[in-house]
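In: this one's structure only:
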């Protein structure tokens, strides 16, 4: 199984926005902050409450988000296309295909939760995120 997910980037107010969306459409909201990651203690205190990953699920709806405190964050570059799969072959294939003529931002690599992730900007300027879930054994 694989799917394309809407992934939103916020400037420090991801939790607030995702709680608003939950109030609008309902569903189950899961939020992880920087402090809750394995490397969380290494970050300055003013960054620890920023959201690393939020997901709002209701039926076939999946809305995801994160915080990015960056002056380059403007309305228009805050939406990404996330391709998610449990199949590493699919993720690697799509990444390789979409990278042609584009710019890799983070090459595909294993992440701290055991999955595979990466990101790139395609040749048309669209931002893509890739995530391969770790299969439960």
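Out: Okay, I see it. The shown structure was predicted, so the numbers you read here are calculated from the model rather than taken from an experiment.

In: what residues does the nearest residue to residue 43 once chain neighbours are set aside make contact with?
Out: Distances taken as Cβ to Cβ, 6 or more residues apart in numbering put residue 34 closest to residue 43, at 5.2 Å, once the chain neighbours are dropped. Where you see a C-beta, it was placed from the backbone N, CA and C, and this is true even at glycine. By Cβ atoms under 8 Å, 6 or more residues apart in numbering, the contact list for residue 34 reads 40, 43, 47-52.

In: show me those that map onto strands.
Out: Here DSSP state E is the test, and the contacts of residue 34 give 51-52 as lying in strands.

In: pull out the buried members of the contacts of residue 34.
Out: Among those, those buried by neighbour count (16 or more other Cβ atoms under 10 Å) are 50-52.

In: how does this protein divide into domains?
Out: 7-77, 78-101+115-137 (automatic domain parsing).

In: so which of those gets nearest residue 107?
Out: Residue 107 sits nearest to domain 78-101+115-137 of all the domains of the chain, at 5.6 Å, using Cβ to Cβ.

In: what is the mean pLDDT for stretch 52-60?
Out: On average, the pLDDT along stretch 52-60 is 91.

In: cool, thanks, signing off.
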